[in-house]
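Colleague: Return atomic coordinates for the entry below.
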Amino acid sequence: MSGHSKFANIKHKKEKNDAAKGKIFTIIGREIAVAVKEGGPDPANNYKLATIIAKAKANNMPNDTIDRGIKKAAGDGNAVNYEHVTYEGYGPGGTAIIVEALTDNKNRTAANVRAAFSKGNGSIGTQGCVSFMFDTKGQIIVDKEECDLDADSLMEKALDAGAEDFNEEEDSFEILTGPDDLETVRKALEDEGISMASAEVTRLPQNYVELTDEDAIKCLTRILDLLDEDDDVQNVYTNWDE
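Modeller: Next up, the predicted model:
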């Protein structure tokens, strides 16, 4: 895992989110609405909602905004119905890309995602064409500057709470869990007063692809930027070694 600073990626995402907070709040708002509809408004009995609330807090979403979103979703029978859709494809240089979206218009979203791939010389593939290259994991990132514990102490607490793996990076600690164990581990660390830069279920590449051709890098960046700008797109995963 060395050489890939997860915290650097988190900080990069946060900088982009800070420049477009409206978008990230809209994305999380949709996720809250779907989670409440599927599992109810109580995070204690709705694992998915609890995970999304943790994500919202990591993105500095105000508590009253979170609460309003939950109450609105619980009481609004006429709320817009969003569907989860996933697209898989290839970017330049054989890079793999997975796009997760939450949409009320699958035709619009599909057209936008295809356009993003096309403009960066990529291509949409069939379901499953690249997802086998990724592992779905709960991932918790702890900023070393915000953590009073040393690596051994934090690892012990994380593993005792049910984590599967622990990695030390230059500027952060990475804690990996099974997807269903993320909330349990996150809550245990939170109860210990440990601050987390992020805590979410993610897709981690089994192997990374390095690009050296400047045109390929420019095209792949174009794809990722266009996807980031789409309000329907929730998450984008790639095995590009930035």
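
Colleague: In the helix or strand Glu88 falls within, which residues are buried?
Modeller: According to DSSP states H and E, Glu88 maps onto strand 83-90. Across strand 83-90, burial judged by 16 or more other Cβ atoms under 10 Å covers Val85, Tyr87, Glu88, Gly89, Tyr90. From N, CA and C alone the C-beta is placed, and that goes for glycine too.

Colleague: Mind putting the residues you listed into TSV with pLDDT?
Modeller: TSV is the format used below for the buried residues of strand 83-90 (pLDDT from 0 to 100):
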residue	pLDDT
Val85	95
Tyr87	97
Glu88	97
Gly89	97
Tyr90	97
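
Colleague: related to what we said a few turns ago, now the helix or strand just after the strand holding Glu88: buried residues?
Modeller: Following strand 83-90 in sequence order, the next helix or strand is strand 96-103 (DSSP H and E). Using 16+ other Cβ under 10 Å as the test for burial, strand 96-103 gives Ala96, Ile97, Ile98, Val99, Ala101, Leu102, Thr103.

Colleague: beta partners for the first one?
Modeller: Spelled out, it's Ala96. Assessed by DSSP bridges, Ala96 has beta-bridge partners Tyr90.

Colleague: for it, what are its contacts?
Modeller: Ala96 sits next to Glu88, Gly89, Tyr90, Val130, Met133, Phe134, Pro205, Val209, Thr238, Asn239 when contact means Cβ atoms under 8 Å, 6 or more residues apart in numbering.

Colleague: Grab the nearest non-local neighbour of the fourth one.
Modeller: What it means is Val130. For Val130, ignoring the flanking residues on the chain, the nearest one in space by Cβ to Cβ, 6 or more residues apart in numbering is Ala96 at 3.7 Å.

Colleague: Glu146 too?
Modeller: Distance criterion Cβ to Cβ, 6+ apart; nearest residue to Glu146, sequence neighbours excluded, is Ser195 at 4.5 Å.

Colleague: just how off-centre is stretch 139-150 within its chain?
Modeller: 19 Å (Cα atoms, centre = their mean, to the nearest Å).

Colleague: Just the CA trace of it, in PDB.
Modeller: Output in PDB follows, covering the C-alpha atoms of stretch 139-150 (Å, rounded to 0.1, in the frame of the first residue of the first chain):
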ATOM      1  CA  GLN A 139     -12.100   2.800   5.000                       C
ATOM      2  CA  ILE A 140     -11.300   5.100   7.900                       C
ATOM      3  CA  ILE A 141      -8.500   7.700   7.500                       C
ATOM      4  CA  VAL A 142      -7.000   9.300  10.600                       C
ATOM      5  CA  ASP A 143      -4.800  12.500  10.100                       C
ATOM      6  CA  LYS A 144      -1.600  12.000  12.100                       C
ATOM      7  CA  GLU A 145      -1.600  15.600  13.100                       C
ATOM      8  CA  GLU A 146      -5.000  15.200  14.700                       C
ATOM      9  CA  CYS A 147      -4.200  11.900  16.500                       C
ATOM     10  CA  ASP A 148      -2.500  11.700  19.900                       C
ATOM     11  CA  LEU A 149      -1.900   8.000  19.700                       C
ATOM     12  CA  ASP A 150       1.100   6.300  18.100                       C
END
